[in-house]
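Q: Need a 3D model of the following:
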Amino acid sequence: MRPTRAHVAALTAILFALGSATLTTVPAAAADLTPAPISPVVSTVANDDTLTADLADQAADLDGKDKGRKIGVIAVLDVPAANGRPASKRSIAAARSSVLGDLPSKHAVANTTYSNLPAISLDVDATGLAALAAHEDVLTVQRNTVVKLSMVTANNLTGATQVIENEDVTGTGTTVAIIDTGVDKTNGEIHPGLAGDVVGEACFHENGGCASATDAKDIDGHGTHVAGIITGPNGVAPSAKVYPIKVFADGPTAECPTTECPTTDGDILAALDHVVGLNIAHPGTIDEVNMSLGGGAFETAESCNAANPAYLQAFATLNGQGVSTFVATGNEEYTDAVAAPACVDGAIGVGSVDTTDPASDPYCWGATHSPIGQVSCFSNATPVQGKDELVDVVAPGCEIVSLGLNGNSNTTMCGTSMATPYAAGVGALAAEIAAHNGRTLTPALLEDLLESTGVQVADPRYPPTAPKFPRVSPPGIKQSLELEVPATTASGVGTTSATVSWGSIAGATGYQVNVTSEITGDTETITVGGLTTTVPLGCGPHAITVRAVSSGGIPSLPSDPFVLTVRNCPAAVEDVTLTAIDDQSHTISWSVPDEPSGAIVLQRRSLHGQWGDVQTLPTSAVSHVDAVSSCGLVEYRVFAQDANADRSVASDVVRRGICAPANDEVAAATVLTQTPPGQAAQQITEPDAMWATSSLTDPVVSCTQGFAANTQWYTFTASAQGRVNIRTTSAGEPSTEVDPVLAVYEGSPGASNEVACSDDAGTSLDSDVTVNVTAGQTYFVMLGNWADVAGDSASVQKLAIQWLPVGTVDNDTFAGATVLTGAGFHSSVIAAGFATVASSDPAHQCARLGPRVGGGTLWWRYTPTANGKLNLSTIGSTERFADTLLSVYTGTEGSLSTVACNDDAVATVTYSSLSSVALQAGTTYSILVSSYSATMPGSANDLVTLSGTFTANAAIQPPVKPAAPVAAKTYRVSVKASKRTARATKRPKKVIVTVRNAGNAASRVRIKASKAPRGYTFVYRSAAGKNITKQVTAGKYRTAILKPGSSTRITVSLKLKRVRKSALAKKKATISIRVTSVAKPAASATAKVRVRR
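A: Residues are numbered from 1 along each chain as shown. Here you go, the predicted structure:
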């Protein structure tokens, strides 16, 4: 990644004095790796600038409605580097001890500390966060967010085969740490395709997801596939070594129903800290890090760095050790953003290109076709190369055949997760070629080498004039490293130019002179045939390098830069704001600290296009009125310009959505009013939904695991306790030409305040949420779309808001506990979904992923008259309470001690059961039952049953369980599609297929579905959003275990392909989905959907 402007400014202030022409030689290997300063953020918890923006937005809630609640954070310690070296372990330990020693122990709990990274992972409440933010040894505090999981043909495409086979370059000498799901093992033996390649293992997971700290056994297959791409039998660098570090917990679990379980920033940072420690103990142990993971969406490096300061520190430390970090940009099809931490400075962000035709097409919702060698349609990107690039290189990432679980060597996967290890493998080849030529590659030089020698390839989602992306090229790398680097000098330095000269290089047919402004980051490249040239220089410092160019057009590594400052730039414009006047016009205002001698220049761009000058104004101007006639997003920035036409650094950007609905931003949310229960639903129609924009501050929504597009906002303050149902239909009619997403937030919008989220409720594309509300509490509702809606579409969003009667539950509170008596009891709570959670309710200590309060809480009280044993069970509970937590306590409210606790009675059920709990005569015991889910909405249909028996002075009794079934186990399955007929167009259409276990015994279900006929594309995705097309069409996909009455779903995306007229799609086709129980005797069912164009 390129340094931010703030970073460059900090460097230049050290290297030279502004105001007079100076010349400084800066060796490339000695670049300052100090992270860029983070922009100040006002904290509502502490009067400090240490909180990142997303954390500051939620801080007030911790001191208000969420008082006492703890959240996960990462504290970055203020430990300065010494003499250009990373902070010492001693200084990190001292700062860590100082911080932890000063924090109030009840309000801040450390989860993970790092020996070599200046950071701590903690859980804090409002008091703990305030103390943390105010501490003198804390630089920045960020959220500890959840992160999701994102060869032969490929080697021929990039030329790696040529280098491996003809030049005998195989990646010898490089070890790659793979932070992922681990590595395949069978009976303790590493996958045979990696035999002798694994030099160590580690595992880090804050919630106990590791079998041991040194066991990285893979049960998912993702990490094994990644390792095989690097160094498997057909890998890019077959002689490289790998060090798998597992950070993803083994699933399935109650919170993660598949094996694709998440990790957190804290776990990943622990892995990075481990890498740093390995290199401190034995320098050179790890040369590269591969991170085929990430989350979120960031449009700029500046916003990405500000939100991820801990990664910024970690990557800087690793770069300082000579470690290059390759990170996947993500698979969400974004064309204006990439995932973190790929966008953080110090990472090499890797996108994917296709290796076959078609390769990525079936994996994308969009209609863009990706030809061989071009950027894959799913690969996140921004249309930028150079100073603001977020995608540094691209590499083969789709239809990649590599290693799998259980010794498999023929597993195919597709994604930037595959492209990233491919690029890392090419990095290993580059290091070996460099060593053969007596060179050592720093991380900065390796990134430069990969980019400058890459084959320029297009992203078909952008217009032909958009920048192209460098696809890794091992032959180009070899040519580059065989060229000597020119020895360069400068002379004739004036106020507008300088003369640069260099020595002749054997094999060079020309030279490139690169002049980079360290104020703007813009680079000008001058091609020269001789050995000297005069370069024009603008204001501010410029770095000048020279490269030799081979006959094939491949450049050498750059010479050490000369940094020249010939004159100062004008002071930057500040305090830029935009105020709307009417639907199309607005006022842009600003302030100028030092009035320039030339003019004020206003620039504008539309729909993320190119910037262009709109108006040149007098130096005294402090505002301008502009009007835009076309609908869409428009952005402005302002420059100061002096008499020499030199411009200042650009101001901050202000933006507005023209034709956007009035409630396009959170601050302008439409106010809803609570009405008496039973009245007709309030109907809302939003005809301008296609012009709604997505703000940079919009939160990630849990039900899509990403950002929603075209967001609109609503808000209400509950006047009384109640329930509200919000759905994306109006008068029974669904929204038009959209795929709506709904989310509800309690307090300020943010991921941690989300109380409900819906995408594709039931079997339709519409969304539906029901939320309990508290009197006096303010709520925000976000209405968005699953993907950007075309501006020329007929998209209409619809909402229906209906207030529902409030149910009360007698034993919802500790004080209202239901009293149980006798030796046997069966207590049922109807409409348990109305149960709430009190601030004094304790956490169940036995919850599988760590202590948790859960959802609605229900209390019982029991006082035995004699010593004895108690058995309890929640079997028979339904809906929200089908998955329960059960605890027995002694003590008083707010001061309870756990006697016994159970999450799941056995591994295959979700109800809770306790057996033979020893009770003392005359002691009062409190029994608590909670829903495991804290976010699933409750309803009047929710039922909780608590059954129990007490035996005085008895031996241990078996747990309470239902009577043995009279009938034998039966397996029945059903399958239902949301549509019987679907029309295919060039835009994808979705059909939801629901698979249900209709029998009386649990079983997995095998799904087999039709391949797409000529002219159509069918894409099948699991409920978790994973592309399962290959497995489903081959009949090899199995669901997780479905309990009796439970269901799962798959989504079918269908569209017309762009084909020759001679190969038009059939007018009619059929999707056939057959489901079969895995358990015997097998039962089957089939659903069909007719497709027409």
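Q: for the closest residue to T161 other than its chain neighbours, phi and psi?
A: Nearest non-adjacent residue to T161, counting by Cβ to Cβ, 6 or more residues apart in numbering: N155, 4.3 Å away. For the C-beta atoms, the positions are set from N, CA and C on the backbone; glycine is no exception. Main-chain torsions, N155, degrees, to the nearest 10: phi -60, psi -40.
Q: Surely N155 and E165 touch.
A: No - taking contacts as Cβ atoms under 8 Å, N155 lies outside contact range of E165: 9.3 Å.
Q: ok, these two, which is more surrounded?
A: Neighbour totals were compared for N155 and E165, and N155 leads with 23 against 11 (other Cβ atoms under 10 Å).
Q: Shouldn't G425 be within a helix?
A: Yes - G425: assigned to a helix according to DSSP: H, G, I helix; E, B strand; the rest coil.
Q: which residues does it contact?
A: A160, G171, V176, I229, I230, T231, G235, V236, A237, A240 (Cβ atoms under 8 Å, 6 or more residues apart in numbering).
Q: Contact partners for the fifth one?
A: In this case it means I230. I230 neighbours (Cβ under 8 Å, 6+ apart): 171, 176, 178, 236-237, 240, 242, 290, 421-422, 424-425, 428.
Q: if I look at D392, how far off is L886?
A: 51 Å (Cβ to Cβ, to the nearest Å).
Q: before we move on, back to that, show me the contacts of G425 that map onto helices.
A: A160, I229, I230, T231 (DSSP state H).
Q: which of the residues you listed has the most neighbours?
A: I229 (34 neighbours).
Q: my read: that residue touches P421, true?
A: Yes - the pair I229 / P421 is scored as a contact, 4.2 Å apart, by Cβ under 8 Å.
Q: Give me the common contacts of the two.
A: V236.
Q: residues in contact with the residue nearest to A435 when sequence neighbours are not counted?
A: Leaving out its chain neighbours, the residue that sits closest to A435 by Cβ to Cβ, 6+ apart is G173, at 6.4 Å. Residues in contact with G173 (Cβ under 8 Å, 6+ apart) are D287, A428, A431, E432, A435.
Q: tell me the contacts of the second one?
A: Spelled out, it's A428. G171, G173, T174, V176, I230, V236, A237, A240, D287, E288.
Q: Name the helix or strand for the one residue sitting closest to the centre of the chain, please.
A: Nearest residue to the geometric centre of the chain (Cα atoms, centre = their mean): G295, 0.8 Å. In the assignment (DSSP states H and E), G295 maps to strand 295-298.
Q: What is the subsequent helix or strand relative to that strand?
A: Taking DSSP H and E, what comes next after strand 295-298 is helix 301-307.
Q: For that next one, what does the pLDDT average out to?
A: Averaging pLDDT along helix 301-307 yields 84.
Q: okay, and for the stretch 1-150 of the chain, where does confidence drop off?
A: 1-49, 60-61, 63-66, 81-86, 146-150 (pLDDT under 70).
Q: hmm, try it at 80
A: Applying pLDDT under 80 to the stretch 1-150 of the chain flags residues 1-50, 53-54, 56-69, 80-88, 145-150.
Q: what's the farthest-apart pair in the contacts of G425?
A: Farthest pair in the contacts of G425 (Cβ to Cβ) is A160 and V176. Separation: 15.5 Å.
Q: hang on, N331 packs against A381?
A: No - the criterion here is Cβ under 8 Å, and N331 misses it with A381 at 11.2 Å.
Q: Measure how buried G492 is and give me the count.
A: When neighbours are counted by other Cβ under 10 Å, G492 comes out with 11.
Q: Just give the nearest non-adjacent residue to it, would you?
A: Using Cβ to Cβ, 6+ apart, the closest residue to G492 is T499 (3.9 Å).
Q: quick check, that neighbour in a strand?
A: Yes - read with three-state DSSP, T499 is one of the residues of a strand.
Q: Quick check: the gap between the residue nearest to T161 and T355.
A: Taking Cβ to Cβ, one finds N155 at 9 Å from T355.
Q: next one: E893
A: Relative to T355, and taking Cβ to Cβ, E893 is found at 63 Å.
Q: quick one: which of those two has more around it?
A: T355 (28 against 16).
Q: List the buried residues in the helix or strand harbouring G351.
A: Using DSSP H and E, G351 falls within strand 347-353. Of all the residues in strand 347-353, those buried under the rule 16 or more other Cβ atoms under 10 Å are A347, I348, G349, V350, G351, S352, V353.
Q: Which SSE is immediately downstream of that strand?
A: Next along from strand 347-353, by DSSP H and E: strand 393-396.
Q: Over stretch 945-960, what's the mean pLDDT, rounded is fine.
A: 65.
Q: Point out where the stretch 251-400 of the chain drops to low pLDDT.
A: 251-262, 296-297, 356-370.
Q: and if we set it to 90?
A: 251-266, 294-309, 331-337, 339, 354-374, 377-378, 384-388, 398-399 (pLDDT under 90).
Q: can you give me the strands for the stretch 201-350 of the chain?
A: Using DSSP state E, counting those that start in this stretch, the strands found in the stretch 201-350 of the chain span residues 202-203, 241-246, 263-264, 288-291, 295-298, 324-328, 338-340, 347-353.
Q: Pipe the ones you listed into CSV and attach distance to T729 per row.
A: Output for the strands of the stretch 201-350 of the chain, formatted as CSV (distance: least, Cβ to Cβ, whole Å):
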stretch, distance to T729
strand 202-203, 47
strand 241-246, 44
strand 263-264, 37
strand 288-291, 42
strand 295-298, 28
strand 324-328, 38
strand 338-340, 33
strand 347-353, 38
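Q: And those: which comes nearest E136?
A: The nearest among the strands of the stretch 201-350 of the chain, by Cβ to Cβ, is strand 263-264 at 26.9 Å.
Q: just how off-centre is that closest one within its chain?
A: 10 Å (Cα atoms, centre = their mean, to the nearest Å).
Q: Show me what that strand is packed up against.
A: Here strand 263-264 touches strand 146-147, going by 3 or more Cβ pairs under 8 Å, 6 or more residues apart in numbering; DSSP states H and E.
Q: what do you get if the cut-off is 10 Å, keeping everything else the same?
A: In terms of contacts (3 or more Cβ pairs under 10 Å, 6 or more residues apart in numbering; DSSP states H and E), strand 263-264 is packed against strand 146-147, helix 265-281.
Q: what sits up against it?
A: 72, 74, 111-112, 121, 143-149, 179-181, 204-207, 209, 246-249, 270-271, 293, 295 (Cβ atoms under 10 Å, 6 or more residues apart in numbering).
Q: For T534, see how far away L564 is.
A: For L564, the distance to T534 - Cβ to Cβ - is 12 Å.
Q: Return the mean pLDDT over stretch 609-622, rounded to an integer.
A: 91.
Q: Next, the buried residues of it.
A: V614, Q615, L617, A621.
Q: Domain ranges for the protein, per the record?
A: 5-27+483-565, 53-144, 152-480, 574-658, 666-804, 818-952, 973-1092 (automatic domain parsing).
Q: so which of these comes closest to N811?
A: Comparing these under Cβ to Cβ, the one sitting nearest is domain 818-952, at 4.3 Å.
Q: coming back round to it: take the buried residues of stretch 609-622 and keep only those in strands.
A: V614, Q615, L617 (DSSP state E).
Q: which of those lies closest to S840?
A: The closest of those, once distances to S840 are taken by Cβ to Cβ, is V614, at 58.8 Å.
Q: per-residue pLDDT, the nearest residue to G784 once chain neighbours are set aside?
A: Nearest residue to G784 in three dimensions, chain neighbours excluded: A708, at 2.9 Å (Cβ to Cβ, 6+ apart). Listed pLDDT for A708 reads 79.
Q: A708 touches A743, doesn't it?
A: Yes - using Cβ atoms under 10 Å, A708 makes contact with A743 at a distance of 7.4 Å.
Q: Quickly list what's touching both of those two.
A: Common neighbours of A708 and A743 (Cβ under 10 Å, 6+ apart) are D698, P699, V700, V701, C757, D759, M782, L783, G784.
Q: Many thanks, we can stop here.
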